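Trainee: Structure of the sequence below:
(2 chains)
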There are 2 protein chains.
Amino acid sequence: MPQLRKPYLLYLGDAQHPTDAKTACGLRDWCPADVVGEWSLPAATVSVGLTRLSPADAAARGAGSLVIGIASVGGRVPDSWLPDLEAAIVSGLDIVSGMHTRLTSFPSLVAAAARHGVSLHDVRHSTTTFPAGTGIKRSGLRVATVGTDCALGKKYTALALTNALHARGQKATFRATGQTGIMIAGQGIAIDAVVADFIAGAAEVLSPANDSDHWDVIEGQGSLFHPAYAGVTLGLLHGSQPDFLVLCHDPTRKTIEYRPGFPIPALSVAAEQYLVNARITNRQVQLAGVSINSSSLGDEEWARYREQVGQELGVPVCDPLRGGMDPIVSRLIGV
Amino acid sequence: MPQLRKPYLLYLGDAQHPTDAKTACGLRDWCPADVVGEWSLPAATVSVGLTRLSPADAAARGAGSLVIGIASVGGRVPDSWLPDLEAAIVSGLDIVSGMHTRLTSFPSLVAAAARHGVSLHDVRHSTTTFPAGTGIKRSGLRVATVGTDCALGKKYTALALTNALHARGQKATFRATGQTGIMIAGQGIAIDAVVADFIAGAAEVLSPANDSDHWDVIEGQGSLFHPAYAGVTLGLLHGSQPDFLVLCHDPTRKTIEYRPGFPIPALSVAAEQYLVNARITNRQVQLAGVSINSSSLGDEEWARYREQVGQELGVPVCDPLRGGMDPIVSRLIGV
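Mentor: As a prediction, the model looks like this:
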């Protein structure tokens, strides 16, 4: 696992749509102390509200990396960004990208990075090789976020849970498995980029043996109910050997996103299917709670829904943005 | 999917142990019409009983490829084989390898192949990129072999099932997902070598839309109960969208091979878990039968075991080496 060099300068390229800056917003919100400012081309109309700093100014203020804060459709790095990226390299910054296009596919960037002794990190792609999973039990405590679908709050829930554990004086580490999570944590494994045979093995490496009272909070990926990505979900679940699961759900989502023929199961069915599979590598695994994106619900509706799901599954139900994760943390630490 | 050039010359290197020649034996047994002979170094003590032919003689008899028929521990190609491999290239043969060491990692082989216009096929590795799975239903009939563990007969069962379907006048294609299967079929996808995000997508490509009365018989990989490889198993299952499953089992195996802490579940539990997961992409999926490696059982014991499993699961129970697959084929085609 490469360690990314913080703090970051967030790069917005020529972004025109606020939603394109999702990655930059995630970094601003989840690791504000690790972000020195933002930079973009004159054509950009989007800002994430930080101080504008050129790559040279950011380097002078101690920045370690320029991070591409854009997650545009297609994930291509346009040629118009290259002068800014080269300026960052010349200033001694590493470049961190979660785009599909690899930084290393630009000979000019590779040559400049070699000349200036900096690194190009393509966090969406995996260059590391991993061993096959062993299934052997590791010391330490583990909680994994799992979901009824993709993109409904597994990363957010894992980050909020890590913060809530810290707030209760617990030792806890967020374990990132996707590109934005890796940028936030400064390390991690893009689990969906690993060769299929080594998914569980990579998850074992991601969350190594630790102190018996230390929590690894593992960011889930995909969903067991997703026709494209369930293999990633299952391998990550097995390798993580979680002691506890937190099931993430969006009540407005009735079918899998972008796969309208695929229904999302009832929460009780989903929880049971995750537990059945997680027991393969940890027979003691328990459901610790349900994390809901409740933004579509009014206060009364949310109170009713929360009560109903809590009754049905017998665990605390939280929205990290609406009251926080403390009830689930209480369940985890037993006080 | 690259198409391998048949017929084959089987290469045994300097093999000393008959078990090392497993791949060569599989090819001799499953595609005898596609094999012209065998070749080895003087140091070899193993033969698979075919005519000895030098690469030049094999090429003169129409061979298209030299296939490395060895699956030794570690999967390394020793330098001592290189003169034979180069002789094959000079004679115009492609080289096909399922070893861990890539043929393309030997500059002398790459240069010789370029000079003589032949191909180097590393079937264990994947160079193709695949789309994400769509989950969209494809025309044609599909049956997939699945297992309670790795290495207990999923390939063998799929090949025997394909032959038995042909014997009943059915249109059927064996769809290979592992290296030996790919060599036998001449094409396929090493599904465990695909990038994790694209397992299901690769399985969709492997088994494209077909005539409504055509059977794809899909070679399963791994096991849902294996702590290292279940992600591969699940992605392959989802992408295959099987109409029928054949569950493969070895009654002497009580725990997962090389993972002694991991019990193999009861057959009824395993069948149900496969069906639950397969329903994600095909709600009509059914169990068509159980395929047993019964070599450890005497005739009476086998008859008893077969009866008992058949009663419990309500489907035909076969051993492809002991009576064949016809009862399962009857179940598939409904006559």
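Trainee: what about residue A:301, distance to chain B?
Mentor: 30 Å (Cβ to the nearest Cβ, to the nearest Å). From N, CA and C alone the C-beta is placed, and that goes for glycine too.
Trainee: packing partners for the helix or strand that residue falls within?
Mentor: Using DSSP states H and E, residue A:301 sits within helix A:299-313. Counting contacts by 3 or more Cβ pairs under 8 Å, 6 or more residues apart in numbering or on different chains; DSSP states H and E, helix A:299-313 packs against helix A:267-278, strand A:286-292, strand A:317-318.
Trainee: Among these, which comes closest to chain B?
Mentor: Set against chain B and scored by Cβ to the nearest Cβ, those come closest in helix A:267-278, at 7.0 Å.
Trainee: what's the span of stretch A:57-70, first residue to last?
Mentor: 21 Å (Cα to Cα, to the nearest Å).
Trainee: Show me which residues of the stretch 1-150 of chain A sit near chain B.
Mentor: The stretch 1-150 of chain A has residues A:132, A:133, A:134, A:135, A:136 near chain B, with proximity defined as Cβ under 8 Å from any Cβ of the partner chain.
Trainee: Does residue A:325 touch residue A:157 like I think?
Mentor: Yes. Between residue A:325 and residue A:157 there is a contact under Cβ atoms under 8 Å: 7.4 Å.
Trainee: any residues in contact with both of those two?
Mentor: residue A:291 (Cβ atoms under 8 Å, 6 or more residues apart in numbering or on different chains).
Trainee: Got the domain ranges for chain A?
Mentor: Per automatic domain parsing, the structural domains of chain A span A:8-122, A:141-333.
Trainee: Output those domains as a markdown table; include the columns mean neighbour count.
Mentor: Formatted as a markdown table, the domains of chain A follow (neighbours: other Cβ atoms under 10 Å in any protein chain shown):
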| stretch | mean neighbour count |
| --- | --- |
| domain A:8-122 | 18 |
| domain A:141-333 | 21 |
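Trainee: What score does the closest residue to chain B within the stretch 1-150 of chain A have for pLDDT?
Mentor: In the stretch 1-150 of chain A, the residue that lies nearest chain B is residue A:135 (3.1 Å; Cβ to the nearest Cβ). pLDDT recorded at residue A:135 is 97.
Trainee: Looking at the domains of chain A, which is nearest to residue B:329?
Mentor: Ranking the domains of chain A by their distance to residue B:329 (criterion: Cβ to Cβ) puts domain A:141-333 first, at 28.4 Å.
Trainee: What mean pLDDT does that closest one get?
Mentor: Taken as a whole, domain A:141-333 carries a mean pLDDT of 97.
Trainee: Ok, stretch A:116-131 next?
Mentor: Mean predicted lDDT for stretch A:116-131 stands at 92.
Trainee: Which of the residues of the stretch 1-150 of chain A next to chain B sits closest to residue A:40?
Mentor: Closest to residue A:40, out of all of those and judged by Cβ to Cβ, is residue A:133, at 42.2 Å.
Trainee: For the closest one, pull up the helix or strand it's in.
Mentor: Residue A:133 belongs to no helix or strand, assigned by DSSP H and E.
Trainee: Let me know whether my guess that residue A:216 is in a strand holds.
Mentor: Yes. According to DSSP: H, G, I helix; E, B strand; the rest coil, the state of residue A:216 is that of a strand.
Trainee: tally of neighbours for the residue of the stretch 1-150 of chain A closest to chain B?
Mentor: Counted with other Cβ atoms under 10 Å in any protein chain shown, the neighbours of residue A:135 add up to 23.
Trainee: looking at the helices and strands packed on helix A:299-313, which is closest to residue B:65?
Mentor: When these are compared (using Cβ to Cβ), the closest one is helix A:267-278, at 40.7 Å.
Trainee: CA-only coordinates of stretch A:206-221, as PDB, when you get a sec.
Mentor: Presented in PDB, the C-alpha positions along stretch A:206-221 are these (Å, rounded to 0.1, in the frame of the first residue of the first chain):
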ATOM      1  CA  LEU A 206      -5.600  -4.000   4.100                       C
ATOM      2  CA  SER A 207      -6.600  -4.800   7.600                       C
ATOM      3  CA  PRO A 208      -3.600  -6.600   9.200                       C
ATOM      4  CA  ALA A 209      -3.400  -8.000  12.800                       C
ATOM      5  CA  ASN A 210      -3.600  -5.200  15.400                       C
ATOM      6  CA  ASP A 211      -4.000  -4.600  19.100                       C
ATOM      7  CA  SER A 212      -6.900  -6.600  20.600                       C
ATOM      8  CA  ASP A 213      -8.800  -3.400  21.400                       C
ATOM      9  CA  HIS A 214      -8.100  -1.600  18.100                       C
ATOM     10  CA  TRP A 215     -11.000  -1.200  15.600                       C
ATOM     11  CA  ASP A 216     -10.500  -1.400  11.800                       C
ATOM     12  CA  VAL A 217     -13.500   0.300  10.100                       C
ATOM     13  CA  ILE A 218     -13.600  -1.200   6.600                       C
ATOM     14  CA  GLU A 219     -15.200   0.700   3.800                       C
ATOM     15  CA  GLY A 220     -17.500  -1.700   1.900                       C
ATOM     16  CA  GLN A 221     -17.800  -1.900  -1.900                       C
END
